[in-house]
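**Student:** Sequence and predicted structure below; questions after.
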Amino acid sequence: MSRARGDIAEEKAAQYLRENGFEIIDRNVSSRFGEIDIIALKSEVLHFVEVKSASTYALAMQNITPRKLQRFLRTVDVYLKKHRLEIDYSIDAVAVTPEAVELVENITL
């Protein structure tokens, strides 16, 4: 996926989260392990969000491979330690398709 398409999907995801009561805390946070697309807060829970865009929901979710998820989790760990955060958090994904934007919470369960 091109960077421009990724940026558009990410903006749609951020807008969707804001409309559903999330406060966007940070975006495009990188570590040497990877990147967190969106960090958002809702009901005192920090949500680390991976945004995936594809023609269908299934294709979008298939793009979250075990290796990608492992790198994402390491980046979350770096972020929490760097900011000395002791807060409940959730690892989520937002699938952006031509038809819909869908939040999937707790993708690591």
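**Tutor:** In hand now; what should we look at?
**Student:** where exactly do the strands run in the chain?
**Tutor:** 23-30, 35-42, 45-53, 89-96, 101-104 (DSSP state E).
**Student:** Using CSV, please lay out the ones you listed together with distance to Gln62.
**Tutor:** For the C-beta atoms, the positions are set from N, CA and C on the backbone; glycine is no exception. As requested, the strands of the chain are arranged in CSV below (distance: least, CB to CB, whole Å):
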stretch, distance to Gln62
strand 23-30, 23
strand 35-42, 17
strand 45-53, 9
strand 89-96, 10
strand 101-104, 13
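**Student:** Redo those as a markdown table? Include mean pLDDT and distance to Ala14.
**Tutor:** Listed next are the strands of the chain as a markdown table, based on pLDDT from 0 to 100; distance: least, CB to CB, whole Å:
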| stretch | mean pLDDT | distance to Ala14 |
| --- | --- | --- |
| strand 23-30 | 96 | 6 |
| strand 35-42 | 97 | 6 |
| strand 45-53 | 97 | 8 |
| strand 89-96 | 97 | 9 |
| strand 101-104 | 96 | 10 |
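**Student:** As a markdown table, the ones you listed with mean neighbour count would be great.
**Tutor:** Converted to a markdown table, these look like this (neighbours: other CB atoms under 10 Å):
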| stretch | mean neighbour count |
| --- | --- |
| strand 23-30 | 14 |
| strand 35-42 | 19 |
| strand 45-53 | 22 |
| strand 89-96 | 21 |
| strand 101-104 | 16 |
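**Student:** Contact partners for Thr97?
**Tutor:** Counting by CB atoms under 8 Å, 6 or more residues apart in numbering, Thr97 makes contact with Ser53, Ala54, Ser55, Thr56, Tyr57, Ala60.
**Student:** make it 10 Å
**Tutor:** Ala9, Lys12, Lys52, Ser53, Ala54, Ser55, Thr56, Tyr57, Ala58, Leu59, Ala60 (CB atoms under 10 Å, 6 or more residues apart in numbering).
**Student:** what two of these have the greatest distance between them?
**Tutor:** Lys12 and Ala58 (18.3 Å; CB to CB).
**Student:** Looking at the two, which is more packed in?
**Tutor:** Lys12 (17 against 10; other CB atoms under 10 Å).
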